[in-house]
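Novice: Build the 3D model from these lines:
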Amino acid sequence: MKNRDDILQLIRDIMQEMFEIEADEVTLEANLYKDLDFDSIDAVDMIVKLKEMTGKALKPEDFKNARTISDVVEAVYKLINE
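Specialist: The predicted structure follows:
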């Protein structure tokens, strides 16, 4: 899982499994809080799940500025390709 498309698919799977959000709603432009109805607890849950799936230590502060799915994809991409 080294490219952004794989990461996006992983995030779509997580959103569907954990938050019952349809995969077609999880676009790069989708705002986590406005479009997908996320809250801070959901964000922490997603970070924990991403850590389990990537094996990388994800820190909440790495995602504090993430507002869109694209922001999350970029944060994960940078982390796993360091």
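Novice: C-alpha only now, for contacts and for neighbours.
Specialist: Fine.
Novice: State the distance spanning the first to the last residue of stretch 19-30.
Specialist: For stretch 19-30, the separation between the terminal residues is 15 Å (Cα to Cα, to the nearest Å).
Novice: Met53: neighbour count?
Specialist: 11 (other Cα atoms under 10 Å).
Novice: Next SSE downstream of the lowest-mean-pLDDT helix or strand in the chain?
Specialist: For the chain, the helix or strand with the lowest mean confidence is helix 40-54, at a mean of 88 (criterion: mean pLDDT, DSSP states H and E). Following the chain from helix 40-54 toward its C-terminal end, the next helix or strand by DSSP states H and E is helix 69-80.
Novice: What is that next one packed up against?
Specialist: helix 4-19 (3 or more Cα pairs under 8 Å, 6 or more residues apart in numbering; DSSP states H and E).
Novice: which of the residues in the least confident helix or strand of the chain are buried?
Specialist: Within helix 40-54, the residues that qualify as buried by neighbour count (16 or more other Cα atoms under 10 Å) are 42-43, 46-47, 49-50.
Novice: CA atoms of that helix as CSV?
Specialist: Output for helix 40-54, consisting of C-alpha atoms alone and laid out as CSV, is shown next (Å, rounded to 0.1, in the frame of the first residue of the first chain):
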residue,chain,number,x,y,z
SER,A,40,-13.6,14.0,17.1
ILE,A,41,-14.3,10.5,18.5
ASP,A,42,-14.8,9.2,15.0
ALA,A,43,-11.5,10.7,14.0
VAL,A,44,-9.7,9.0,16.8
ASP,A,45,-11.4,5.7,16.0
MET,A,46,-10.3,6.0,12.4
ILE,A,47,-6.7,6.8,13.4
VAL,A,48,-6.7,3.6,15.6
LYS,A,49,-8.0,1.6,12.7
LEU,A,50,-5.4,3.0,10.2
LYS,A,51,-2.7,2.2,12.7
GLU,A,52,-3.9,-1.4,12.9
MET,A,53,-4.0,-1.7,9.1
THR,A,54,-0.8,0.0,8.3
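Novice: No further questions, thank you.
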